[in-house]
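Student: output the structure for:
(chains A and B)
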Amino acid sequence: MKIPVLYNVRSVLQRPLSTAFTALGIGLVVAVFIGMLALATGFRTALTSTGSMDNAMVLRRGADSELSSGVGREQARIIAASAHIAAGSDGRPIVSPEVYVLIPLPRPADTTAVANVVVRGISASAWEVRTNVQVTEGRKFESGRSEVCIGQRIAGRFEHTGVGETLRFAGRDWTVVCHFTATGSAFESEIWGGNEELMPVLRGDVFQSITFRLKDAAAFPDAKRVLEADQRLGVDVHRESEFYAAQSQLLDRILRILAYLVTTIMAVGAVFGAVNTMYAAVSSRSSEIAVLLTLGFRPRSVLASFLLESAIIAAVGGVIGGLLALPINGIVTSTTNWSSFSEVAFSFRVTPSLLLSGFLFAVVMGVVGGFLPARRAARIPVVQALR
Amino acid sequence: MKYVRLVLANLGRHKWRTFLTTAGIALALFLFASLRTVVTTIAATAQWGGARRLVTLNATGIVFPLPLNYAERLRAIPGVTGVTWANWFGGRYGDNKRFFGQFAVDAESYLAMYPEMSVPDDQREAFFREKGSAIVGRRLLDVFGWKVGQDVTIQGTIFPGDWTFTVRGVYTPTDKVLNDDMMIFRHDFFDEKIGRAGIAGWYVVQIDDPDHAGRIAKAIDDLFRNSSSPTKTGTEQAFNASFATMWGNVSLLMGTIGLAVVFAILMVTANAMMMSSRERTREVAVLKSIGFPDRVLFGVVMAEAAVITLIGAAVGLGVAKVLYQAANFNAAGFLPGFSVTTGTLVLGAGIALLLMLASGLVPAIQAARQPIIVALRRVE
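Tutor: I've put the predicted structure just below:
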């Protein structure tokens, strides 16, 4: 027969301080666990939401980032004529040969420190290629002018980035004419200008990448095969979404390994705490347990009951941990993405599934920590305990 | 000293509890030391830089090269005693699981500029003699099992194609902040292979006196102000510091986690100490009634807390110190010179003392103040 849960709840409430300490210890572990994974998730989400399934991205063969790529004008012309490119409302192909560079912008807090910010020179069709980009303030830049648009995440963080202000880089003044959002993706950490205006002042007569909208997203393998086989080009073709996912891999992996390492060590400490608490509970209640056994409860039920009690304490800790971690959701932070060497701003993302795994993690800690004490409870010699 | 047996007896009563609490503290301080070492290592890299070295970059950004003919003009500036240059190569080796930096450098002037990279004389000569040769950090030999004399092929990402180098030498950094997993090869070989001589990623300029750094840096930038590629010159330390800031809020993050770890373990320890003291309420009363003074009972409980926290801390901090040293850990090249500093050890010891006070004080005062009658009357 089962021992009612109420018994455990009442027992737990009998020693509130000890229970609270144990639960809080577990809660802090869960909070760190959720917090660190929220960082990794936020970073990965920002990058994976950058690329679209419907777009293909062409880089020089062997280049693993836009920075190390280079595609000449002649090749760009050949690629733009590809039959796989979707046509826009005006009948022209939706393709954007792009210039991609990093420029140092002084950080507002400490002007001796600089951040490497992406400047992307795009074609007029780029706004159609990247459907997730929305102008929030101002108007799109016009070709032939020294005008740029600035991603929402950079706009507040660096000086001279307001609409109407003048930003100086690459030895020239650029008027900021708009801010844009891109559903929280890495584009929001970029500065966009016209490719023909940026090309001569930056890296000379060469594009870094060519992105186009596929006429048929399912025909990507076909487009890839045709372009990569073309001897005149010497390029690699990536699905845009996969390219950005790959860019996030290195840092995402580092953050996750760090999260698991730190929380595993912390969890062992917290489990020790739970073991202590449960052993103390068992020994102070040994006569109670003996009574239960005398009444006819099976040792198995006693074991289950104490495991449950430990799990309840841990579950409370799990909830505390989740609540502690929740406020960091949405906080914007930034780091350098070492795969592309550029600064990316993103927000912590505490997802429901993260909260759930944090909670389950807590319960597992409770069960693991409660097992040995619960076994001792089940094996208590009745006669001795009652005496 | 005569109470030592009493303290030991108390510790030995619940051997499991004593062990688990001590181990918990050891884990927490191990973690604390590890996290803090990440912070101190990044800070040390940011501080590092030869006092007599300046770095000249293209003012437009680090990804833009400078013309190679700037070298002669830099040398002519008063106060400049040496000039060298390097290029970031950015190649991939094998499956690219383990990344390391490769640089094309002007062989003789580069090694002269960096005496911290210690290379045996014969290997140095071989490097100067042979165009396709390379010098690699000691760690790379361990990581990839390379040997001196072996050919190594790197796939270029910025400069396409397969590049084969012969490992002719191994450098050992004399300053551990300097990365020991770089590969350097000859700039003239690089120019030859890409078929366009004349670009340098950055220049390193040696000056006669650290006090002249500001003046000389300005002279350099003024010289190239109206040229096709204006420059930006700063001290090597500032250059390294700007890399360190790219980590963003890592230091804050590590600090926060460290704090959470310490708090979590405080909960666990304090809980264990309080449980012990609660179980012994009656015993303490008995000791009092047979004449033990209050301050002795206070001392005995505090001593118990001290033994647990201090042993735990010594183990945790000691293991961190020894383990990272023995494993020669550097986070796959991201954190060169990863080593637990004395400052971290002292701070860890301070935390252990705080833990001792926080977990021992309440039970100790309780033990000392407990009226005998109340304690003996209490029914378990």
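Student: and stretch A:90-105, what's buried?
Tutor: A:93-105 (16 or more other Cβ atoms under 10 Å in any protein chain shown). C-betas here are computed from N, CA, C, even on glycine.
Student: pull the CA atoms of stretch A:380-387 into PDB?
Tutor: Extracted in PDB, the C-alpha atoms of stretch A:380-387 (Å, rounded to 0.1, in the frame of the first residue of the first chain):
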ATOM      1  CA  ILE A 380      15.300   0.300   9.400                       C
ATOM      2  CA  PRO A 381      15.200  -2.600  12.000                       C
ATOM      3  CA  VAL A 382      11.800  -2.100  13.500                       C
ATOM      4  CA  VAL A 383      12.400  -3.400  17.000                       C
ATOM      5  CA  GLN A 384      15.600  -1.400  17.500                       C
ATOM      6  CA  ALA A 385      14.000   1.800  16.200                       C
ATOM      7  CA  LEU A 386      10.900   1.500  18.400                       C
ATOM      8  CA  ARG A 387      12.900   0.900  21.500                       C
END
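Student: buried ones in it, by neighbour count?
Tutor: Under the neighbour-count criterion of 16+ other Cβ under 10 Å, stretch A:380-387 has A:380, A:385 buried.
Student: pull the residues that contact it.
Tutor: Contact with stretch A:380-387 is made by A:282, A:286-287, A:289-291, A:293-294, A:302, as judged by Cβ atoms under 8 Å, 6 or more residues apart in numbering or on different chains.
Student: how about stretch A:247-254?
Tutor: Applying Cβ under 8 Å, 6+ apart, the set of residues contacting stretch A:247-254 is A:40, A:43-44, A:46-48, A:65, A:335, A:337-340, B:99, B:334.
Student: where do the strands sit along the stretch 151-300 of chain A?
Tutor: A:166-169, A:172-181, A:190-194, A:209-213, A:235-239 (DSSP state E, counting those that start in this stretch).
Student: wait, which of these is closest to chain B?
Tutor: With Cβ to the nearest Cβ, the closest approach to chain B among those belongs to strand A:166-169: 7.3 Å.
Student: ok so, going back, what is the nearest of the contacts of stretch A:380-387 to chain B?
Tutor: Using Cβ to the nearest Cβ, residue A:287 comes nearest to chain B of those, at 8.8 Å.
Student: and that closest one, how many neighbours does it have?
Tutor: A count of nearby residues for residue A:287, using other Cβ atoms under 10 Å in any protein chain shown, gives 14.
Student: what's the pLDDT at it?
Tutor: With respect to pLDDT, residue A:287 scores 88.
Student: for it, give me its contacts.
Tutor: Residues in contact with residue A:287 (Cβ under 8 Å, 6+ apart) are A:385-386.
Student: and with 6 Å instead?
Tutor: Residue A:287 sits next to residue A:385 when contact means Cβ atoms under 6 Å, 6 or more residues apart in numbering or on different chains.
Student: and the helices in chain A?
Tutor: In chain A, the helices defined using DSSP state H lie at A:5-14, A:16-48, A:73-80, A:126-129, A:152-155, A:195-201, A:220-229, A:240-284, A:286-294, A:299-325, A:352-378, A:382-386.
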